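K.L.:
Here is my input; please provide its structure:
(one chain, ligands or ions: 3)
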Amino acid sequence: MPQDPNGPTLFLDGQEVRFETGETLFQVAERYGKPIPTLCYDDRLEPFGGCRLCIVEVEGIRNPVASCTTKAEPGMRVTTKNGTLEMHRRVLLEMVASENREVDVDPLSGYASQELATLVDRYDARTGRFQGHRSGTSRPDDPNPFILRDYENCISCYRCVRVCAEQEGDYAISVKNRGFETQITVEFDGLLKESACTFCGQCVQTCPTGALADLKALARKEVPGDTKKTRTICPYCGVGCAVDMLTRGDTIVGIQPAMDGPANEGALCVKGQFAFDFIQHRDRLTTPFVRDEGGRLRPASWDEALDRAAEGLKAVVEEHGAHALYAVASGRAPNEAAFLMQKFVRAGLGTNYIDNCSRA
Ligand code: SF4
Ligand code: SF4
Ligand code: FES
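P.N.:
Ligands and ions are numbered 1, 2, ... in the order given. The predicted structure is shown next:
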């Protein structure tokens with residue numbers, strides 16, 4: 001956010017800093033390089049104030065306040081870190097960690113899946129001091145092929161529910177019960193595929209514990225090698241969503257949305273998120289095919305296949321005119337190939353009937 005040189009100021013850990021009206025204390029602290037730990041926060045969503053990990057002290061207010069929901073006010077004196085705050089945060093993480101079946105989940109689970117484990121390690125909170133009842137009932141019976149619903153690892157941060165409502169506009173998941181019995185659910189406690197879920201995967205990618213996890217990626221967790229992330233653009237349509245492709249060697253092991261992708265800001269559809277099998281599918285065509293006299297397909301060389309296609313196109317133009325043809329370029333082709341395609345159709349075949357499937 002651009003800073004108004006005459007804007008209001010507050011004191012952050014003793015330093016006078018400017019802020020914009022409407023900013024939260026968390027946003028101001030983040031901008032001035034004062035990292036505050038969070039669990040229920042996702043900067044794409046309305047702040048929720050549920051986990052209380054982001055507490056800060058404000059002079060004149062008796063108890064610490066959640067920085068993600070507290071608006072900055074002129075003249076505030078804010079402390080982001082001291083022994084008391086760090087002690088509160090550590091105890092909170094100890095309690096959260098003790099309530100889950102496991103803290104360490106496979107990083108292929110999702111984009112934010114390591115947040116809890118990272119914080120628990122940073123605060124040395126694997127003490128087991130609060131071991132006891134565990135909350136959350138997993139749904140291993142949900143037969144959908146995309147999303148693991150392992151609520152025994154859920155910390156009730158509601159990021160999944162909020163992203164589904166605020167980002168996807170689907171309202172497919174919700175919360176039932178309260179307190180220790182709180183449970184993420186779909187309507188009538190049913191299955192995701194029978195709900196309004198579009199399997200966009202956003203709940204998976206924002207979940208900070210791996211309670212919601214990417215089944216397609218986890219199915220590849222035994223692929224050997226280190227995981228490499230490569231920023232690219234989803235090939236499915238013309239929106240141009242940025243994604244990080246996860247690979248081990250030459251095997252694609254998962255797709256994660258780019259949270260800073262200008263067109264998608266972390267959102268994807270079911271195809272961009274989960275449909276990457278085709279790239280290395282055993283049934284994928286690796287050579288052209290042409291039909292023999294009996295109409296059966298047989299493998300052919302590129303020269304033979306291109307000759308056959310040219311003969312067919314010429315025959316249509318001669319018999320019915322150029323406007324009898326209509327061409328659709330593939331959205332998976334690069335811009336240069338799409339340009340050549342329209343040139344070929346317009347200049348070569350003589351018709352303007354050309355479109356691209358990316359215009360979906
Ligand atoms: S996959 Fe998308 S639509 Fe389905 S529950 Fe998650 S966020 Fe909602
Ligand atoms: S499933 Fe994940 S995102 Fe949803 S409330 Fe639980 S921990 Fe948070
Ligand atoms: S991040 Fe502020 S209350 Fe959870």
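K.L.:
List the buried residues of the longest helix anywhere in the chain.
P.N.:
Determined from DSSP state H, the single longest helix within the chain is helix 302-320. Along helix 302-320, these residues count as buried under the neighbour rule (16 or more other C-beta atoms under 10 Å): 313, 317. The way it works is simple: take the backbone N, C-alpha and C, and place the C-beta from them, glycine included.
K.L.:
after that helix comes which helix or strand?
P.N.:
Moving toward the C-terminus from helix 302-320, the next helix or strand (DSSP states H and E) is strand 327-329.
K.L.:
and that following strand, how far from the chain's centre?
P.N.:
Here the centre of strand 327-329 is set off from its chain's centre by 31 Å, with C-alpha atoms, centre = their mean, to the nearest Å.
K.L.:
can you list the residues of the stretch 201-350 of the chain near ligand 1?
P.N.:
Within the stretch 201-350 of the chain, the residues that sit near ligand 1 (C-beta under 6 Å from any ligand atom) are 201, 202, 203.
K.L.:
Can you pull out the low-pLDDT segments for the protein?
P.N.:
In the predicted model, the chain carries pLDDT under 70 at residues 1-3, 359-360.
K.L.:
Kindly state the domain boundaries assigned to it.
P.N.:
When the chain is parsed with automatic domain parsing, its domains come out as 9-81, 92-280, 289-359.
K.L.:
Residue of the stretch 151-300 of the chain nearest ligand 3, please.
P.N.:
Here the stretch 151-300 of the chain gets closest to ligand 3 at one residue, residue 157, 7.1 Å apart by C-beta to the nearest ligand atom.
K.L.:
Just the element for that residue, please.
P.N.:
Once you assign secondary structure using DSSP H and E, residue 157 falls outside every helix and strand.
K.L.:
For it, which residues are in contact?
P.N.:
Residue 157 makes contacts with 39, 40, 48, 50, 51, 208, as judged by C-beta atoms under 8 Å, 6 or more residues apart in numbering.
K.L.:
Phi first, then psi, for residue 340.
P.N.:
Reported as degrees, to the nearest 10, the phi and psi values for residue 340 are phi -60, psi -40.
K.L.:
what about it, distance to residue 347?
P.N.:
According to C-beta to C-beta, to the nearest Å, residue 340 stands 10 Å off from residue 347.
K.L.:
who's more crowded, those two?
P.N.:
More crowded of residue 340 and residue 347, by other C-beta atoms under 10 Å: residue 340, with 14 against 8.
K.L.:
ok, the residues of the stretch 201-350 of the chain next to ligand 1 vs ligand 1, which is closest?
P.N.:
Proximity of these to ligand 1, judged by C-beta to the nearest ligand atom, is greatest for residue 203, which lies at 3.3 Å.
K.L.:
Check whether that closest one sits in a helix, strand or coil.
P.N.:
Reducing the assignment to helix, strand or coil with DSSP: H, G, I helix; E, B strand; the rest coil, the entry for residue 203 is helix.
K.L.:
Wait, it touches residue 158, no?
P.N.:
No. With contact defined as C-beta atoms under 8 Å, residue 203 and residue 158 do not form a contacting pair (10.3 Å).
K.L.:
Of the two, give the one with the bigger neighbour count.
P.N.:
The neighbour count for residue 203 versus residue 158, taken as other C-beta under 10 Å, is higher for residue 203 (27 against 21).
K.L.:
for the more buried one, what are its contacts?
P.N.:
Contact partners of residue 203, counting by C-beta under 8 Å, 6+ apart, are 147, 159, 160, 161, 163, 164, 173, 212.
K.L.:
For the closest residue to ligand 2 within the stretch 251-360 of the chain, give me its contacts.
P.N.:
Using C-beta to the nearest ligand atom, residue 266 is the residue of the stretch 251-360 of the chain that sits closest to ligand 2, at 13.6 Å. When contacts are counted by C-beta under 8 Å, 6+ apart, residue 266 touches 44, 111, 167, 202, 205, 206, 257, 258, 259.
K.L.:
tell me, how many neighbours does the first one end up with?
P.N.:
This points to residue 44. Residue 44 sits with 16 neighbouring residues when counted by other C-beta under 10 Å.
K.L.:
And it, how far from ligand 1?
P.N.:
In this view, residue 44 and ligand 1 are 12 Å apart by C-beta to the nearest ligand atom, to the nearest Å.
K.L.:
separation between that residue and residue 167?
P.N.:
Distance, residue 44 to residue 167, using C-beta to C-beta: 6 Å.
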